[in-house]
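Novice: Need a 3D model of the following:
(chains A and B)
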2 protein chains.
Amino acid sequence: MLSELLLTEINRLNQRTRLPLHRQLYEALRRAILDGKLVAEERLPSSRDLVQDLQLSRNTVVAALNQLTVEGYLISRVGSGTYVNPKVPQPPARQSRQPVRAPDRLSHRGQALSSRFCASELEIQPFTPGIADFSAFPVALWQRLQNKHWRMTYPDMLDYSSAGGHAPLRRAITDYLRVFRSVPVDMEQVIITSGTQESLELCSQLLADQGDTVWLEDPAYWGAGKAFMANGLNLHPVPVDDQGIAPHPRDNSTPPQLIYVTPSHQYPTGAVMSLARRHQILSLARQHGAWVLEDDYDSEFRFSGPPISSLAGLDTEERVLYLGSFSKVLYPGLKLGYMVVPKGLASALKRTHYDLNRPGQIPVQAALAEFIDMGHFASALRKARQSYAQRRHCLLAALQPCLSDSAYITGAEQGLHLCLRLPDAINDKALAQHIGTLGLIVRPLSAYCLKRHDMKGLIIGYGYAPLAEIEHFGPVLAKALAQELAP
Amino acid sequence: MLSELLLTEINRLNQRTRLPLHRQLYEALRRAILDGKLVAEERLPSSRDLVQDLQLSRNTVVAALNQLTVEGYLISRVGSGTYVNPKVPQPPARQSRQPVRAPDRLSHRGQALSSRFCASELEIQPFTPGIADFSAFPVALWQRLQNKHWRMTYPDMLDYSSAGGHAPLRRAITDYLRVFRSVPVDMEQVIITSGTQESLELCSQLLADQGDTVWLEDPAYWGAGKAFMANGLNLHPVPVDDQGIAPHPRDNSTPPQLIYVTPSHQYPTGAVMSLARRHQILSLARQHGAWVLEDDYDSEFRFSGPPISSLAGLDTEERVLYLGSFSKVLYPGLKLGYMVVPKGLASALKRTHYDLNRPGQIPVQAALAEFIDMGHFASALRKARQSYAQRRHCLLAALQPCLSDSAYITGAEQGLHLCLRLPDAINDKALAQHIGTLGLIVRPLSAYCLKRHDMKGLIIGYGYAPLAEIEHFGPVLAKALAQELAP
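Specialist: This is a model prediction of the structure:
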């Protein structure tokens, strides 16, 4: 009877999404537990029985059961079998689609933070932007490196890391940036953080006061907006055009303390900031005595067009702080990123970062340093770039038939997503929702807009799904688009 | 010639501190490099030669060289030998004694944050408070557990963890708190953070607005003050007496939005908050509509006196957020802590924490969950408690001869430090500095005071140094104290 239930659920899923089989079985079992069809302490059939009943491979069944056990839905009792955990966890929030009401008991700041730009409730599916394919990460090699450094661990490595981060990792990042990004860096300027969110928070707290203004791109990366809001800054959106952020003279009447930009690949439109615009930003920063925060979140993946020097590389006056992250090339859960800061700020920032955040994870930092030094990082990058180039090509080909003068692609030269601009008349939020019912996640461009109302489109990622899925789902997506765009 | 230099340095260190030999050699070599006595690219004698010249054991020499290589002072070239790294790192900030000037280019908030309460510049030595002996941590077991979870890693485990943290770890913490701390918890109330600093930051941002007041203990844990300052809160110090924080009716004219307390073992005085005072705090919180942040930073180590229920355990109105950390029982660099929050706040806090901080490290969270579930945590705790009890006993015995009516110990029932109260006439900062010249670190009580000027004393830790060091250095400390206290 359980197998019937599961088969029905799997069939239903299969029609909608064509997930890999073990994910389907996982999902079917998980729903059965959450819906109470499988109750607490109920014993599951043996994996052998499931293999037979469902006509699935043993690997598929074991993978699904393992994941459910690790997540706490099932418990396995030695010699007795696998049971539904009486303490079944709530489904993780990122898989829930119900918006959470911000309780009145939060502060005003808390209410604002908990109600705007909440991307966390979304499931990951083909085309979800902002996510790399970390399934290709060389886990075995990584584990070997970690083990090596754990074996060499002397007690000090269990302590907090020193201010600025583990020296070998800072040195490895210095070398990497010099070679690959032409960012001239002295190791003393590098600060290891737990990622871009922490970097942004540190800059907000140490370089700006409550009520100071930050210029940020409109549309923008919501995570940055959130970090600035949390730290009491006044958000001043500056519209983006096809050359990146485009400050108008009237913006000068709201002078910035910080200017936050994504020049290599504007998030989300994908615009590459022109050289002229880069010089304009640096000159405005000088004029206002502002700091420029250059978030170079996916510059590792450039597919066409000439490379453009980073803002940090053009900066002659120590006004730019360069923010990098390892979550796109390695894996997001690693929680390591870095900042390159002007020399005059380095020592105070490192010290205060240490006091406020107490960086740790020295063995992981040491493993990462070796991963970079030994060339594994460059090689992972090369492989990833090749693989993403294929996916990008495949997605572009699938979308080709839908394109026209009013429906066109921007920002596909680089990164892990592209932006499909759509006519103003289209309700991009409804369209994204409709596409969601097909089991595909894309994001409406208008949802990233802070003040403007003149941008419609879809943000489509090609980083997460393997080529086969893009081959399969690209046409599904294109068909949905064609229907919407049909005259 | 190098060996002469090293021997001189080692002798000098030896007279001052009696560090273990490999630490002495490490320190001697490090100083030689930093002082330029060993220059870039200089080749070191082979470890065999060093063994002979310095008459040290091979283990000692290899341990010192290894550590210097890992930290980047030396590089070893296969088949050629060990060299001074041309890119020698700056000494880590926590080992430098020079205060760093906050550059004028920081914001006001940044200047305040970088100039107050900077503990990071201090070396770790016997008696440094706030530090546990993580050298006893079962590294091999931990590595085995991590490996196990890395081997089972399915790609999703490389992603950010779900909102609130990895479910098995939240469940393990729930069980632990229920049994060991009598904190009644539902798993949904637990939020995994990267430690107490992140927990405090999240509470500041979501439960208070800029300019809101936080009551905090005077003297206080400086890290908490810093987190509140960074988030724009107005610090209102409330004096501590021997029953913990002691609000006066006049404090009510500065009504709090948050009340931050360390009731189990006030930091730094060590006072245990009386039951009456606990009820008073809860009633004041109700009266002001404030949240209570209960930082239970070292409640795991209780040596005498009756256990007192946590504030969270007494709370009947969902006003208390309970903050815990793993850095004292496991190791600081782990960077995992947790909050237990009222049910009505749980969902908004988890979601917004996810959006702001993107928690990760699922394999480490999974390993920690198993570490707790399998009883390793309880057993590590038991062992640590036993070992700290001996150190505490030994330190108390050594200090006994210095005690009098005006020089007495508080806060020794629990935790990893005690507070030696001294007469008002004593300059505790100068005394701590003098003791520093003996190679021992203790902290002056007055340095933790925010507004009051009536507390003198020394904060003396017994968590970091092994029993043998306390046996050796306890009398050294006592002698210095006796000299100062002599009439």
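
Novice: Packing partners of the one helix or strand A:His279 maps to?
Specialist: For A:His279, the element it lies in under DSSP states H and E is helix A:275-288. On a contact count with 3 or more Cβ pairs under 8 Å, 6 or more residues apart in numbering or on different chains; DSSP states H and E, helix A:275-288 meets strand A:244-245, strand A:258-261, strand A:291-295, helix A:311-314. The way it works is simple: take the backbone N, C-alpha and C, and place the C-beta from them, glycine included.

Novice: mean pLDDT lowest for which of the ones you listed?
Specialist: Looking at the helices and strands packed on helix A:275-288, the lowest mean pLDDT belongs to helix A:311-314 (a mean of 90).

Novice: List of residues touching it?
Specialist: For helix A:311-314, the external contacting residues (Cβ atoms under 8 Å, 6 or more residues apart in numbering or on different chains) are A:181-184, A:261, A:263, A:273, A:278-279, A:281-282, A:292, A:294, A:320-322, A:340.

Novice: If we use 7 Å, what do you get?
Specialist: Helix A:311-314 is touched from outside by A:Ser182, A:Val183, A:Pro184, A:Pro263, A:Arg278, A:Ile281, A:Leu282, A:Val292, A:Glu294, A:Val320, A:Tyr322, A:Val340, with contacts defined as Cβ atoms under 7 Å, 6 or more residues apart in numbering or on different chains.

Novice: next one: stretch A:333-343
Specialist: With Cβ under 7 Å, 6+ apart, stretch A:333-343 has contacts from A:173, A:177, A:183, A:185-186, A:188-196, A:199, A:312, A:318, A:321-327, A:349, A:365, A:368, B:158-161, B:360-362.

Novice: Now do the same contact list for A:Ala271.
Specialist: With Cβ under 7 Å, 6+ apart, A:Ala271 has these contacts: A:Val240, A:Asp242, A:Gln243, A:Gly244, A:Thr410, A:Gly411.

Novice: From those, list just the buried residues.
Specialist: Buried subset of the contacts of A:Ala271 (neighbour count, 16 or more other Cβ atoms under 10 Å in any protein chain shown): A:Val240, A:Gln243, A:Gly244, A:Thr410, A:Gly411.

Novice: Identify the residue spatially nearest to the second one, adjacent ones excluded.
Specialist: Right, A:Gln243. A:Ser274 (4.1 Å; Cβ to Cβ, 6 or more residues apart in numbering or on different chains).

Novice: just the first one next, same as before
Specialist: Leaving out its chain neighbours, the residue that sits closest to A:Val240 by Cβ to Cβ, 6+ apart is A:Glu217, at 4.9 Å.

Novice: For that neighbour, which residues are in contact?
Specialist: By Cβ under 7 Å, 6+ apart, A:Glu217 lies in contact with A:Val238, A:Val240, A:Ile245, A:Val261, A:Thr262, A:Gln266.

Novice: Just give me the neighbour total for the third one.
Specialist: Read it as A:Ile245. Around A:Ile245 there are 27 other residues, counting by other Cβ atoms under 10 Å in any protein chain shown.

Novice: May I have the beta-bridge partners of it?
Specialist: Beta-bridge partners for A:Ile245, by DSSP bridges, are A:Val240.

Novice: Quick one: distance of the helix holding A:His279 to the chain centre.
Specialist: 28 Å (Cα atoms, centre = their mean, to the nearest Å).

Novice: Report whether the helix or strand hosting A:Leu477 contacts chain B.
Specialist: Using DSSP H and E, A:Leu477 sits in helix A:467-485. No. Applying Cβ under 7 Å from any Cβ of the partner chain, one finds helix A:467-485 separated from chain B by no less than 13.6 Å.

Novice: try stretch A:448-457
Specialist: No. Stretch A:448-457 stays clear of chain B (Cβ under 7 Å from any Cβ), getting no nearer than 14.5 Å.

Novice: mind listing what's buried in that stretch?
Specialist: In stretch A:448-457, counting by 16+ other Cβ under 10 Å, buried: A:Tyr448, A:Cys449, A:Leu450, A:Met455, A:Lys456, A:Gly457.

Novice: just checking, the first one touches A:Gly270?
Specialist: Spelled out, that is A:Tyr448. No. In this structure A:Tyr448 lies outside contact range of A:Gly270 using Cβ atoms under 7 Å: 11.8 Å.

Novice: Next, the buried residues of stretch A:356-363.
Specialist: For stretch A:356-363, by 16+ other Cβ under 10 Å, it's A:Leu356, A:Asn357, A:Arg358, A:Pro359, A:Gly360, A:Gln361, A:Ile362, A:Pro363.

Novice: same deal with stretch A:128-143?
Specialist: By 16+ other Cβ under 10 Å, the buried positions in stretch A:128-143 come out as A:Thr128, A:Pro129, A:Gly130, A:Ile131, A:Ala132, A:Asp133, A:Phe134, A:Phe137, A:Val139, A:Trp142, A:Gln143.

Novice: can you check stretch A:370-379 too?
Specialist: A:Glu370, A:Phe371, A:Ile372, A:His376, A:Phe377.

Novice: Output these as JSON lines; include the columns pLDDT and secondary structure.
Specialist: Shown next, in JSON lines, are the buried residues of stretch A:370-379 (pLDDT from 0 to 100; DSSP: H, G, I helix; E, B strand; the rest coil):
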{"residue": "A:Glu370", "pLDDT": "95", "secondary structure": "helix"}
{"residue": "A:Phe371", "pLDDT": "96", "secondary structure": "helix"}
{"residue": "A:Ile372", "pLDDT": "95", "secondary structure": "helix"}
{"residue": "A:His376", "pLDDT": "94", "secondary structure": "helix"}
{"residue": "A:Phe377", "pLDDT": "93", "secondary structure": "helix"}
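
Novice: tell me which of the residues you listed is nearest to chain B?
Specialist: Distances from chain B to the buried residues of stretch A:370-379, taken as Cβ to the nearest Cβ, are shortest for A:Glu370 (10.2 Å).

Novice: Relative to B:Val70, how far out is the closest one?
Specialist: Per Cβ to Cβ, to the nearest Å, A:Glu370 is found 10 Å from B:Val70.

Novice: Same check on A:Leu177?
Specialist: 22 Å.

Novice: thought A:Leu141 was touching A:His376?
Specialist: Yes. Judged on Cβ under 7 Å, A:Leu141 makes contact with A:His376 at a distance of 6.4 Å.

Novice: which residues sit against the helix holding A:His279?
Specialist: Contacts for helix A:275-288 (Cβ under 7 Å, 6+ apart): A:243-245, A:247, A:255-256, A:259, A:261, A:263, A:291-292, A:308, A:311, A:314-315, A:317, A:319.
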